[in-house]
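In: sequence and predicted model, in that order:
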Amino acid sequence: MILRLTTIAALCTTLLIGVSACESTQETSQRLSLNAKKLLNVEGLKITNQNKTIRVASTQALHDQYGSAVVVNLVNSGKTQLNVPIGVALLGKGKKKIWDNSTPGLDVSLISAAAVEPGSTFWVNNQIQSQENPRSATAKVGVSDAAPKAPLPQIKLTKEKLASDVSGAYLGGVVTNNSKIVQKRLVISCVSTSGQTVKAAGRAIIERLLPAPTKKPILFRVYFIGNPSGGSLKCEAPPTTLTGA
């Protein structure tokens with residue numbers, strides 16, 4: 001575990017200055033303890049009313065030597081919604097709850113989806129503070145009170161390639177901002193699936209993604225929980241910033 005976290009931290013420092021495309025559990029905890037209170041949900045997530053147009057199609061828990069993750073597959077039968085709350089819980093033996101994301105102080109990206117467009121999509125949480133192997137997961141989608149007033153900024157992922165190193169399997173590639181709006185703390189989520197089964201999942205965070213053209217390609221690496229080999233790979237990076245303010 002320590003080897004993987006240390007290596008990821010080293011890899012991230014090789015990317016463009018000011019860009020963080022990898023984030024481990026330890027790094028997240030350290031960052032949150034130092035600053036960025038505005039990025040935290042200080043009260044804890046509470047979902048009292050469920051979303052009427054965005055439903056949970058399925059959930060799946062993953063676990064390996066690097067930790068645990070949960071994948072929530074969503075179907076939006078309505079219009080695009082922003083900052084959609086997502087409550088998840090992991091269940092262990094006897095369907096006993098062993099973890100959920102209602103704890104105060106979590107990063108907002110771990111309790112909500114920045115944007116959910118019409119159709120099918122997925123959401124990943126790979127920053128789970130539990131040592132127990134989860135047997136299953138549950139999820140609820142809360143009500144969003146925000147909708148875009150203009151077309152969403154378009155984020156493009158290219159040159160994606162599955163590889164591995166001493167830290168495990170990862171998907172590398174190039175992320176491009178095709179809008180004129182700087183994206184802040186952009187989350188790139190990836191899954192590997194076989195039929196209806198999720199084989200692996202992970203996510204990376206780009207702290208600041210400038211609009212194209214950039215002087216150098218902006219690289220990302222998404223490290224997986226689970227084994228992505230042989231599966232169908234899919235990544236999504238919904239925009240987090242809709243205005244230039």
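Out: Right, received. Where do you want to start?

In: element containing the closest residue to residue 197 other than its chain neighbours, please.
Out: Ranked by CB to CB, 6 or more residues apart in numbering and with sequence neighbours excluded, the top spatial neighbour of residue 197 is residue 60, at 7.4 Å. All C-beta atoms are positioned from the backbone trio N, CA, C, and that covers glycine. Following DSSP states H and E, one finds residue 60 within strand 54-64.

In: got the buried residues for that strand?
Out: For strand 54-64, the neighbour count (16 or more other CB atoms under 10 Å) marks 54, 56, 59, 60, 61, 62, 63 as buried.

In: show me the shaky parts of this structure.
Out: 1-42, 244-245 (pLDDT under 70).

In: that older thread, kindly reformat the buried residues of strand 54-64 as JSON lines containing distance to residue 167.
Out: Shown next, in JSON lines, are the buried residues of strand 54-64 (distance: CB to CB, whole Å):
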{"residue": "54", "distance to residue 167": "34"}
{"residue": "56", "distance to residue 167": "31"}
{"residue": "59", "distance to residue 167": "26"}
{"residue": "60", "distance to residue 167": "23"}
{"residue": "61", "distance to residue 167": "22"}
{"residue": "62", "distance to residue 167": "17"}
{"residue": "63", "distance to residue 167": "17"}
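
In: out of these, the closest to residue 80 would be?
Out: residue 54 (10.2 Å; CB to CB).

In: settle this for me: that closest one is touching residue 74, isn't it.
Out: Yes: counting by CB atoms under 8 Å, residue 54 does reach residue 74; the two are 5.7 Å apart.

In: so what sits against both of those two?
Out: 116, 141 (CB atoms under 8 Å, 6 or more residues apart in numbering).

In: now do the SS call for the residue sitting furthest away from the middle of the chain.
Out: Computed with CA atoms, centre = their mean, the residue of the chain farthest from its C-alpha average is residue 94, at 28.1 Å. Here residue 94 is recorded as helix under DSSP: H, G, I helix; E, B strand; the rest coil.

In: excluding chain neighbours, what is closest to residue 173?
Out: Nearest one to residue 173, counting by CB to CB, 6+ apart, is residue 160 at 3.9 Å.

In: doesn't the one you found fall inside a strand?
Out: Yes: assessed by three-state DSSP, residue 160 belongs to a strand.

In: contacts only, for it.
Out: 171, 172, 173, 233, 235.

In: how near is it to residue 201?
Out: 15 Å (CB to CB, to the nearest Å).

In: other residues contacting stretch 77-87?
Out: Contacts for stretch 77-87 (CB under 8 Å, 6+ apart): 45, 47, 51-55, 72, 100-102, 108, 111-118, 123, 139-144, 146-148, 152, 242.
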